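Chemist: Fold the stuff below for me.
(chains A and B)
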Amino acid sequence: MTWENSLPLFIVLTSLIPGIVIFFLSESAHGMRTALNIAGAILKLILIAIMIGGLNEGVRYETRLALLPNFDLVLRSDSLSVLFVILSAALWLVTTIYAIGYLEGSPNRSRFFGFFSLCVSATMGIALAGNLITLLIFYELLTICTYPLVVHRGTAKALRGGRTYLVYTLLGGGLLLLAVIWLHTLVGPVEFANGGVLSGRADEQPALSLIFLMFVAAFGVKAALVPLHGWLPRAMVAPAPVSALLHAVAVVKAGAFGIVRITYDLYGIQLANALGVLTPLLIVTCLTIVVGSLFAVFQDDLKKRLAYSTVSQVSYIILGVALFGPIGTIGGLLHLVHQGVMKITLFFGAGNLAETLGIHKVSEMDGVGRRMPLTMAAFTVGALGMIGVPPTAGFISKWYLGSGAVAAGQSWVIGVLVLSSLLNAAYFLPILYRAWFKPQQGEWHEEHDFGGRFETHWMLLMPPVVTGIFALLLGILPAILRSLVELIVLREYV
Amino acid sequence: MSAGLPLVIVIPLLAAIGAFLLPRASFVVALVGSLLTVGVVGVSAAATLESGALRHTIGGWRAPLGIDLVLDGFALLMLALTALIGLAITFYGRGYFGSATQQGEKGRQATYFWALWMFLWAALNALFVSGDAFNLYVTLELLGFSAVALTALAGKPNVLKAAMRYLIVSLSGSLMYLMGVAFLYSGFGTLDIAQLSSLTRETPALVAATALITAGLAMKTALFPLHFWLPPAHANAAAPVSALLSALVVKGSFYILLRLWLEVFFPLASTFVPHVISLLGVGAIVWGSIQAIRQTRLKLLIAYSTVAQLGYLFVLIPILAAERENVRALAGVICFVLAHASAKAAAFLSAGNILHALSDDRLGALRGLMRGLPLTVTAFGLAGVSLMALPPSGGFIAKWLMLDVTISRGHWGLTAVIIGGGLLAAVYVMRGLGRLFQQVDAEQLPALKPIPCVMDLSAFGLAVLAILLGFAGVYVLDVLEIGAQAAAGGSS
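Modeler: Sure, this is the predicted structure:
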């Protein structure tokens, strides 16, 4: 057991073990639970920092466990997994702090935080998975662990939302299992590698193309590709930290990440292009981008509007994949991070409005900017980022995606981007206008006084402010991420 | 070392007699018997892993005159499975039945439970190590009788009716098996399975024997459409008995069936017979799952799930009989046996806890139980994960191996059934599990009778076993190799 072959495992275990311990804690062990959560999250970040340091020196970290002959559980670090791991681990830390503040005093907290930690462990496993089987195992684990979070409130509506979630994701999981085993019987055990590993097997046609489309459909369920997005708005009954987890840290991201992995490190972008499977993917993503935004315009419920916005925005990541060319890919991968940071800010903001003032609808938001200026400032950064206004992070993604479309000879995609930005503006600007420029109408629904100097509980306020600042920083200093992303991309296209 | 092999039968048998003769100390006798049995199985396992399959000739008379006990990899896995589940059942039983010294009906039930359970364990172990078709008949009868008696233990009218039906099915199944054995003997002049496997050819005697034995054993294994007796018997028996019946007893008859198809009936692999079996397996998966979804009582739901899950054991029979050296395919089926046994035992024990605490196992009554019975509910959830075949679990590894076989041979229909069966399982498991998350106000929470913590822990332990099996696939394959060469060599 050396550091090289155990570090990826430890990164998974730093949330898995606290999660399992938390299940056995009594409901009143508040301090212990918080300590475990925060310590696990910080330790995970430290381990990730060590891993990145080692990667820069050319160390390969890999944990391998044989489950069956020709069937290994492989966790390993490469630049793509680092990108996802940093995003999820960092956002997990802020979401945990947020969740502690959000759920204060509510029942079943041990169960909640137990599953919460398991979810993040599953996400780490997805990010670090070195082969398809490992990816499949953690992907299904993520499904199991998020269900109890979606139905956490235990109301009839929550249970219905949870059932819809399970129907979609388990069907997707069944399809994924079929695709994985079929590929396994065709080409034997294969592991992810830069540039893809299937290029020598292009003769296995049309099975390879069919399997690729099955992968897209299977991951597309979690990535909420239209028409597989139906579960996402209905899962909005979950508590706000869970929405943040679903939309920014884990579930939706896992779907998008899966498509990225399959395309770049399994098939290889060159083979995918040669098979002609990128064009249908491009069409589906463009459709999703427009349809998701269109639906969002008509939602009065704030969280639902954000949910449809996610449907649209996550597809930007996949758009970057579907555009054959390095610039588009950079845009897509950057958006993997940008969307997470911006969307989590928006959900934190929505959660704060609901918790502090009882606001759930856009139409109730008049004048809320004056009552909760910091929350709404962060929300505004997130919203402008989604529209793509410079100097926010969203502008950078859209810039690269647009240039990538031109470079790939698909200039019509720019039209889609412009249309989507207009629609984004159409559903976000009215919110900002109401919040900042309209006077308050009557009393707030259920104003909740948390005491203290701030506009709300500090544990609810700090997370959106931090992520909001990050959303700005990533826009002003895009170089932070770009070098890492360019590294991934160059290996693909050389 | 092989001289110790009879101990795996003798010890539980002695414990059964002891528990019968000393009713007041019956639990202690059974506990000592269980621990010793587990120990002997452990020692035999170590010996087998070190020096290969064990063969013991009772009284020094070689087959066909004498009786041989054989412990190869397959038998070892079954012995070990029975030992692990058996130990949990023994502990659970103490909590469930209470002390045998208590007055009246309860004390009587407890005494009989310990004696019959030890007897059943002896019969199961004897079944797994018998290398002779007639001995298998004897063990099958002993197993059937003790299982029926255990079912009837609860004593209520509907239980007695179910037990009666079970008895008739069990007897008819054994009878058909015995007639089949007669055909084998008249056709080939021996009943030793190792010798039979080098002698059998496609003759009318073999066809008759195969038909009779397969039908008889399929009946005892509750293969669709001969499953009608299983749900009432498994659902109405006492919880530890339900667990034994679903986890181990049906696996006993299946074990014989699989053994005989691999070593005796394989010349018929190219006929339509194995395909009929496979088709009935598909029927079981579909019909059992649909029935499970329609149930409104938890124990009946779990019982119908057994009907469905048993179907998976049969769907690969044509491939297994045709490719006897294909250890991967065999491992898929055997992993399924192991995973289903531990998950189903855990599920029935959890249901027993719920029934014990609530005095009600209607699905509607399960609301909000998560707070009252956290460990039981977790056990049920983990067992459910394995039944749905989601990773990481024994059920997943088993289905992976099975799908690997069906897809690589282009059996798309079977592939769809195996994957679809998992989705149907998700529907019926979630029908039970989903309600546990339902929020109820504190005053609406049902009053729960406290349950002994040993009952919680046994259910939980078995559920964890079902999950851990997901990491044991490599070992299962290794163990299966033990003695496999000998069997294949004997036939060539």
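
Chemist: Residue A:30 and residue A:103: what is the separation?
Modeler: Separation of residue A:30 from residue A:103 (CB to CB, to the nearest Å): 10 Å. Using the backbone N, CA and C atoms, a C-beta is placed for each residue, glycine as well.

Chemist: Where do the strands of the stretch 351-492 of chain B begin and end?
Modeler: Counting by DSSP state E, counting those that start in this stretch, the stretch 351-492 of chain B has no strands at all.

Chemist: Could you do chain A as well?
Modeler: Remark: strands assigned in chain A by DSSP state E are A:62-68, A:71-76.

Chemist: Quick check: which of those strands is buried the most?
Modeler: Of the strands of chain A, the one with the most neighbours on average (mean count of other CB atoms under 10 Å in any protein chain shown) is strand A:71-76, at a mean of 21.

Chemist: contacting residues for the residue of the stretch 51-200 of chain A found nearest chain B?
Modeler: Residue nearest to chain B within the stretch 51-200 of chain A: residue A:154 (2.8 Å; CB to the nearest CB). Taking CB atoms under 8 Å, 6 or more residues apart in numbering or on different chains, we find residue A:154 in contact with B:368, B:437, B:438, B:439, B:440.

Chemist: Count the residues that sit near residue 367.
Modeler: Just so you know, I chose chain A. 15 (other CB atoms under 10 Å in any protein chain shown).

Chemist: wrong one, I was asking about chain B
Modeler: By other CB under 10 Å, the residues close to residue B:367 number 17.

Chemist: For the residue nearest to it when sequence neighbours are not counted, give its distance to residue B:362.
Modeler: Excluding the flanking residues, the one nearest residue B:367 by CB to CB, 6 or more residues apart in numbering or on different chains is residue B:438, at 4.3 Å. Distance of residue B:438 to residue B:362, computed by CB to CB: 14 Å.

Chemist: on that earlier part again, need the strands of chain A in a markdown table (columns: distance to chain B and mean pLDDT).
Modeler: Shown next, in a markdown table, are the strands of chain A (distance: least, CB to the nearest CB, whole Å; pLDDT from 0 to 100):
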| stretch | distance to chain B | mean pLDDT |
| --- | --- | --- |
| strand A:62-68 | 4 | 86 |
| strand A:71-76 | 7 | 89 |
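
Chemist: With distance to residue A:291 added, can I get the ones you listed in a markdown table?
Modeler: Shown next, in a markdown table, are these (distance: least, CB to CB, whole Å):
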| stretch | distance to residue A:291 |
| --- | --- |
| strand A:62-68 | 40 |
| strand A:71-76 | 36 |
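
Chemist: looking at those, which is closest to residue B:339?
Modeler: Among those, the nearest to residue B:339 by CB to CB is strand A:62-68 (13.3 Å).

Chemist: Please identify the pairing partners of the closest one and their relative orientation?
Modeler: The pairing partners recorded for strand A:62-68 under DSSP bridges are strand A:71-76 (antiparallel).

Chemist: quick revisit: overlap in contacts of residue A:30 and residue A:103?
Modeler: By CB under 8 Å, 6+ apart, the residues touching both residue A:30 and residue A:103 are residue A:109.

Chemist: Which one of the two is surrounded by more residues?
Modeler: Set residue A:30 next to residue A:103 and count neighbours by other CB under 10 Å: residue A:103 wins out with 18 against 15.

Chemist: What score does the residue nearest to the more buried one when sequence neighbours are not counted have for pLDDT?
Modeler: Take residue A:103 and drop its neighbours on the chain: the residue closest to it by CB to CB, 6+ apart is residue A:109, 5.5 Å away. Residue A:109 carries a pLDDT value of 84.

Chemist: Then residue B:491?
Modeler: At residue B:491, the pLDDT value in this model is 35.

Chemist: To residue B:383, which of the strands of chain A lies closest?
Modeler: Taking CB to CB, strand A:62-68 is the member of the strands of chain A nearest to residue B:383, at 20.1 Å.

Chemist: which ones are touching the spatially most central residue of chain A?
Modeler: The C-alpha lying nearest the average C-alpha coordinate of chain A belongs to residue A:253 (CA atoms, centre = their mean; 3.0 Å). Applying CB under 8 Å, 6+ apart to residue A:253 gives the contacts A:84, A:87, A:88, A:123, A:314, A:336, A:340.

Chemist: How about residue A:235?
Modeler: Taking CB under 8 Å, 6+ apart, one finds A:150, A:161, A:162, A:164, A:165, A:243, A:246, A:307 in contact with residue A:235.

Chemist: What about the residues you listed, which are in helices?
Modeler: A:150, A:161, A:162, A:164, A:165, A:243, A:307 (DSSP state H).

Chemist: hang on, the earlier thing: and the contacts of residue A:154 as CSV, adding pLDDT, distance to residue B:276 and neighbour count?
Modeler: Shown next, in CSV, are the contacts of residue A:154 (pLDDT from 0 to 100; distance: CB to CB, whole Å; neighbours: other CB atoms under 10 Å in any protein chain shown):
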residue, pLDDT, distance to residue B:276, neighbour count
B:368, 74, 47, 19
B:437, 80, 42, 26
B:438, 79, 44, 19
B:439, 75, 49, 19
B:440, 74, 49, 13
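
Chemist: Let me know the closest of those residues to chain A.
Modeler: residue B:439 (2.8 Å).

Chemist: end to end, how far does stretch A:449-465 reach?
Modeler: In stretch A:449-465, first residue to last residue: 20 Å (CA to CA, to the nearest Å).

Chemist: Good, wrapping up.
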